[in-house]
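# Pasting the sequence and the predicted coordinates here, then a few questions.
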Amino acid sequence: MSNIYIQEPPTSGKVLLKTTVGDIDIELWARECPKACRNFIQLCLENYYNGTTFHRLVKGFIVQGGDPNGDGTGGESIYGQPFKDEFHSRLRYSRRGLVGMANSGKDDNASQFFFTFGPTPELENKNTLFGKVTGDTVFNMLKLEEGDVDHQERPMYTHRIISTEVLSNPFNDIVPRVLSKESSKSKKTKKEKQGVKNFGLLSFGEEAEGDEQETTIFVKQNAGKAKSLHDVADDPKLSKEPIKVPKLERAQSEERLSEDCEEDVGKSRKGNCSDIIKSKLAKSKPVKVEVKSESEDDDEDVLMTREQEESLKKSKEKNKIREEIESLKRQYQMDKVAKDKQLSKDSDKNSKSADIKGARENHYINDFIEAKEKYTAKTKNNLKGQVRESFTLELLSKFKSKLDNLKYKSSSENADAEPSDLDDSVVEKEIKGDDWLAHTLNFNSNAPVLAKDASTKGDDWYDVYDPRNPLNKRKRGATSHSNSSSKPKSSRR
């Protein structure tokens with residue numbers, strides 16, 4: 001990696017891109033690619049890239065942006081036309097974090113650029129390489145690779161450039177242009193013609209026309225003024241007489257309000273009781289009446305209306321019915337699961353017995369099936385954690401006690417009985433039972449070791465003959481001669 005940095009020439013310009021994933025520092029090779037760097041710096045000074053999105057994403061390859069249209073079809077250079085490609089022998093697409101110009105062909109560079117996510121040698125001598133991402137901002141750039149992409153290489157959730165800032169400008173003669181904000185879609189303002197109502201189509205057209213004229217005159221007079229119902233009391237269509245509330249048809253809530261009215265009248269002696277009723281009814285405070293609920297005790301009082309009481313009763317009944325339905329569903333599911341398990345067990349047994357032919361006739365197969373079922377039952381009941389540890393310790397203690405009992409029994413029998421040679425039948429009995437657990441294994445014998453005598457040859461004695469020794473040759477010749485002489489004699493006989 002150090003060789004790559006040594007091969008790259010020094011930079012002479014720096015730009016900061018503020019994006020939705022964080023800041024991205026870009027250093028530019030202005031000496032090697034002057035046209036591309038001048039174009040990029042001037043567009044940044046003109047805030048051309050502000051608000052543009054990274055519209056194309058190829059994971060492991062590049063992320064592309066710089067198009068004001070946001071679809072890869074737009075973008076203009078500062079020269080008014082596409083400028084030529086610029087290549088340099090020391091600039092290679094050999095790592096991530098490099099910045100190049102996007103184009104649709106040879107010498108077709110405008111405003112779009114891209115960042116690389118890895119080595120891209122296929123872009124060499126095709127796309128102008130004019131900058132690199134420096135510092136820890138590389139990791140912010142790599143965040144652009146995250147996210148989902150559709151079939152047209154467009155990210156589902158696009159990131160964008162918020163603003164740009166030129167930190168180091170190698171071109172002192174750059175003068176930013178004053179760009180006029182051209183709307184993408186030209187909107188022509190047209191004066192909307194006011195619609196003319198044809199009252200001749202209606203059977204009551206004359207009355208409707210008269211009402212329409214009165215409303216237009218009233219709207220023109222009170223244009224720009226907020227009017228309430230009291231301000232418009234001069235309208236002849238509105239009745240000035242107050243509403244008379246009948247005394248016979250009064251609800252409990254109105255009776256209580258009338259009592260409050262009498263108190264207010266005694267204090268202030270201004271206004272009528274009906275006006276106070278109207279003002280209090282207009283307020284959004286709910287009127288509460290004391291009603292004793294039948295379900296609770298007589299001592300507890302609940303403040304609610306009749307409608308609320310009925311709604312509470314209905315909601316309680318609904319909740320009870322729902323709980324009963326849920327309990328029935330749970331019970332049904334439990335029964336269904338138990339039945340399914342039992343049916344699966346029965347089917348497994350039937351399938352096993354059907355698969356093995358001659359299982360009933362042959363007792364060996366029956367033994368095998370029983371042993372297999374025991375083993376599967378043990379494997380299913382595997383213990384875990386502290387329960388398994390305690391179970392193993394219990395088994396170990398049982399085995400130790402069994403060994404101790406067998407050793408004590410064997411020692412008592414050996415003390416009473418004299419040692420005798422064991423027959424095969426006795427050995428077989430011991431193997432079948434647990435008596436063999438009392439046996440001990442001794443590698444060192446207590447018998448004295450005797451020196452071997454060279455004159456006496458035992459079973460482990462062997463002779464070494466060297467075929468090159470002349471004495472051995474004579475012996476072998478004598479033995480071969482004796483063998484040859486013995487053969488004709490036997491034939492003669």
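That came in fine, so what should we check first?
# what about Pro170, how many neighbours?
Number of residues near Pro170 (other CB atoms under 10 Å) recorded here: 16. In short, each C-beta sits where N, CA and C put it, glycine included.
# From what I see, it and Glu32 are in contact.
No: the pair Pro170 / Glu32 is not scored as a contact, 11.7 Å apart, by CB atoms under 8 Å.
# what about Val138, how many neighbours?
Other residues close to Val138 by other CB under 10 Å number 15.
# Over to Pro155?
Pro155 has 20 neighbouring residues, counting by other CB under 10 Å.
# tell me the contacts of it?
Shown in contact with Pro155 (CB atoms under 8 Å, 6 or more residues apart in numbering): 54-55, 57, 147-149.
# Among the residues you listed, the buried ones, what's the PyMOL command?
Of the contacts of Pro155, the buried ones go into a single PyMOL selection, burial set by 16 or more other CB atoms under 10 Å:
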select buried, resi 54+55+57
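# Rebuild the contacts of Pro155 as a markdown table, extending it with distance to Lys374 and pLDDT.
Formatted as a markdown table, those follow (distance: CB to CB, whole Å; pLDDT from 0 to 100):
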| residue | distance to Lys374 | pLDDT |
| --- | --- | --- |
| Phe54 | 66 | 95 |
| His55 | 68 | 94 |
| Leu57 | 61 | 94 |
| Gly147 | 56 | 86 |
| Asp148 | 54 | 89 |
| Val149 | 57 | 91 |
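# could the contacts of Pro155 be laid out in CSV, adding secondary structure?
Below are these laid out as CSV (DSSP: H, G, I helix; E, B strand; the rest coil):
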residue, secondary structure
Phe54, coil
His55, coil
Leu57, strand
Gly147, coil
Asp148, coil
Val149, strand
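# Rebuild the contacts of Pro155 as a markdown table, extending it with distance to Ser163.
Below are these laid out as a markdown table (distance: CB to CB, whole Å):
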| residue | distance to Ser163 |
| --- | --- |
| Phe54 | 15 |
| His55 | 18 |
| Leu57 | 22 |
| Gly147 | 22 |
| Asp148 | 27 |
| Val149 | 26 |
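# Dihedrals phi and psi, Glu389?
phi -60, psi -50 (degrees, to the nearest 10).
# Mean pLDDT per helix and strand in the chain: which one sits at the bottom?
Using mean pLDDT, DSSP states H and E, strand 290-291 stands out as the lowest-scoring helix or strand of the chain, at a mean of 44.
# residue ranges of the helices in the stretch 351-493 of the chain, please?
363-380, 386-416, 424-432, 470-492 (DSSP state H, counting those that start in this stretch).
# which stretch in the ones you listed has the least confidence?
Least confidently modelled of these is helix 470-492, at a mean of 58 by mean pLDDT.
# re earlier: between the contacts of Pro155, which sits nearest Glu209?
His55 (57.8 Å; CB to CB).
# Pull up the gap between that closest one and Gly75, please.
Separation of His55 from Gly75 (CB to CB, to the nearest Å) stands at 11 Å.
# Which neighbours do the two have in common?
Asp67.
# how many other residues sit next to Ile78?
Using other CB under 10 Å, Ile78 has 20 neighbouring residues.
# Repeat that for Gly135.
12.
# How confident is the prediction for the nearest residue to Leu144 once chain neighbours are set aside, by pLDDT?
In this structure, Leu144 finds its nearest non-sequential neighbour in Val63, 4.6 Å apart by CB to CB, 6 or more residues apart in numbering. Model confidence at Val63, given as pLDDT, is 95.
# distance of Val63 from Phe391?
Using CB to CB, which is the criterion applied here, Val63 is 60 Å from Phe391.
# of these two, who's got more company?
Neighbours of Val63 and Phe391, each counted by other CB under 10 Å, are more numerous for Val63; the result is 20 against 11.
# thought that one was touching Lys143?
No: between Val63 and Lys143 there is no contact under CB under 8 Å: 10.0 Å.
# buried stuff in stretch 47-63?
48-49, 52-57, 61-63.
# And those residues, which is closest to Ser12?
Tyr49 (20.8 Å).
# what separates the closest one from Gly66, distance-wise?
Counting by CB to CB, the gap from Tyr49 to Gly66 is 6 Å.
# How about Glu32?
Separation of Glu32 from Gly66 (CB to CB): 20 Å.
# residues contacting Gly66?
Contacts for Gly66 were tallied using CB under 8 Å, 6+ apart; they are 49, 52, 75, 102, 111-113.
# nearest residue to it other than its sequence neighbours?
In space, Gly66 comes closest to Gln112 once its chain neighbours are excluded; the distance is 4.3 Å by CB to CB, 6+ apart.
# That neighbour belongs to a helix?
No: looking at Gln112 with three-state DSSP, it is strand, so not inside a helix.
# returning to what we had before: joint contacts of Tyr49 and Gly66?
Ser111.
# Can you report how many residues lie near Pro176?
14.
# oh, I was asking about Glu46
Using other CB under 10 Å: Glu46 sits among 16 other residues.
# Which of the helices or strands spans the residue nearest to it when sequence neighbours are not counted?
In space, and not counting its chain neighbours, Glu46 is closest to Pro176: 4.8 Å by CB to CB, 6+ apart. Under the criterion DSSP states H and E, no helix or strand holds Pro176.
# cool, and Ser89?
Counting by DSSP H and E, Ser89 is found in no helix or strand.
# quick one: contacts for the residue nearest to Gly66?
So Gln112 contacts 64-67, 72, 75, 101-103 (CB under 8 Å, 6+ apart).
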